[in-house]
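A.B. asks: Return a 3D structure for these sequence lines:
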Amino acid sequence: MPKLKPPVPKAYRNLEFLNSPDARAIRILAEFLEPLHRFRRYRVRDAIVFFGSARIKPRQVAQRTLREIEARAKRRSTAVVDPEKLAAAQMDFHMSRYYEEAVELARKLTTWTKTLKDPQRFLVCSGGGPGIMEAANKGASLAGGKSIGLNISLPSEENPNFYITDELNFEFHYFFMRKFWFAYLAKAYVMFPGGFGTLDELMEILTLLQTSKIKKKATVILYGKEYWERIINFNAMLKHRVISLEDLNLFTCKDTPDDAYNYLVKELRKNYSYETEVI
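C.D. replies: Have a look, this model is predicted:
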């Protein structure tokens, strides 16, 4: 009787194939279907998405670094302080207010959502990393609520932050699939100061709203007027006729957690009042 060969792995268990260029479409589909499966399982319907820099530090961390550099500056006989390092530490301390204010805003919003008939509505969602993303998840955690983290695998980024709810912690390979879920889930966006990634996310969301590719009502806040007016000159864009006056209505600027919170709650109640009656 002839010997039989051992069984070979089925295609969906063949890791060499699944990690090959030929299986790219399967991997892309998996980054759509697996999050969809989990969101349905845990009854997540929508979110308030926080965007912002991964580099913004908690105030305590930034303050400690600045004090150490300033202390060395006073001991000039034993150490020479690099003026660039001092300037960087001062800016980090200045920007750290946004970390603390993101924590507070996320905490207030999560406290509010817990009063709704369905406390799974309007969960705080971030990109899952450090900086403003961590601050958003931390604020939700401090309020005793759940929050979402849509992390992306990058060589320069660390693991997902500590505060994400375990069952709502996601890791993406493809930026465009991660951005799809941000756009799909959000009923509101809060854009804190950030770099290339935040600008990319902001412009994509504004473009989708401008072109009505996002058909739902979505509130957009640019948090930190001082920062955004220096980074993007919307009035110059209007003057050069590359945007329209009504495009400026796609977003508003806010400067404090209280102002942002009050505006978001008002807009969410107005746009989704039939689903958000409080207990």
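
A.B. asks: Would you enumerate the residues in contact with Ala218?
C.D. replies: With contact set as Cβ atoms under 8 Å, 6 or more residues apart in numbering, Ala218 has these partners: Ala186, Lys187, Ala188, Tyr189, Ile205, Leu209. In short, each C-beta sits where N, CA and C put it, glycine included.

A.B. asks: next one: Asn169
C.D. replies: Gly128, Gly149, Asn151, Pro160.

A.B. asks: Return the backbone torsion pair for it.
C.D. replies: Backbone torsions for Asn169, taken as degrees, to the nearest 10, come to phi -100, psi 120.

A.B. asks: Pairing partners for it in the sheet, please.
C.D. replies: For Asn169, the residues forming beta bridges with it (DSSP bridges) are Gly149.

A.B. asks: With Leu123 instead?
C.D. replies: In this structure, Leu123 has the following beta-bridge partners (DSSP bridges): Ala47.

A.B. asks: Next one: it from Asn161, what distance?
C.D. replies: Distance, Leu123 to Asn161, by Cβ to Cβ, to the nearest Å: 15 Å.

A.B. asks: again with Lys138
C.D. replies: Lys138 sits 8 Å away from Asn161 when distances are taken as Cβ to Cβ.

A.B. asks: for Met1, same thing?
C.D. replies: Relative to Asn161, Met1 is positioned 59 Å away (Cβ to Cβ).

A.B. asks: Who has more neighbours out of those two?
C.D. replies: Between Met1 and Asn161, Asn161 has the larger neighbour count (other Cβ atoms under 10 Å), namely 24 against 3.

A.B. asks: Let me know the secondary structure of the more buried one.
C.D. replies: In the three-state summary, Asn161 is assigned as coil, counting by DSSP: H, G, I helix; E, B strand; the rest coil.

A.B. asks: Could you pull up the residues touching the nearest residue to it once chain neighbours are set aside?
C.D. replies: Taking Cβ to Cβ, 6 or more residues apart in numbering as the measure, Asn161 lies nearest to Glu134, with 4.0 Å between them; neighbours along the chain are not counted. Contact analysis of Glu134 by Cβ under 8 Å, 6+ apart lists Tyr99, Ser126, Asn161, Phe162, Tyr163.

A.B. asks: hmm, which of those are the buried ones?
C.D. replies: Tyr99, Ser126, Asn161, Tyr163 (16 or more other Cβ atoms under 10 Å).

A.B. asks: what's the lowest-pLDDT member of the residues you listed?
C.D. replies: In this model, the minimum pLDDT among the buried ones among the contacts of Glu134 belongs to Asn161 (94).
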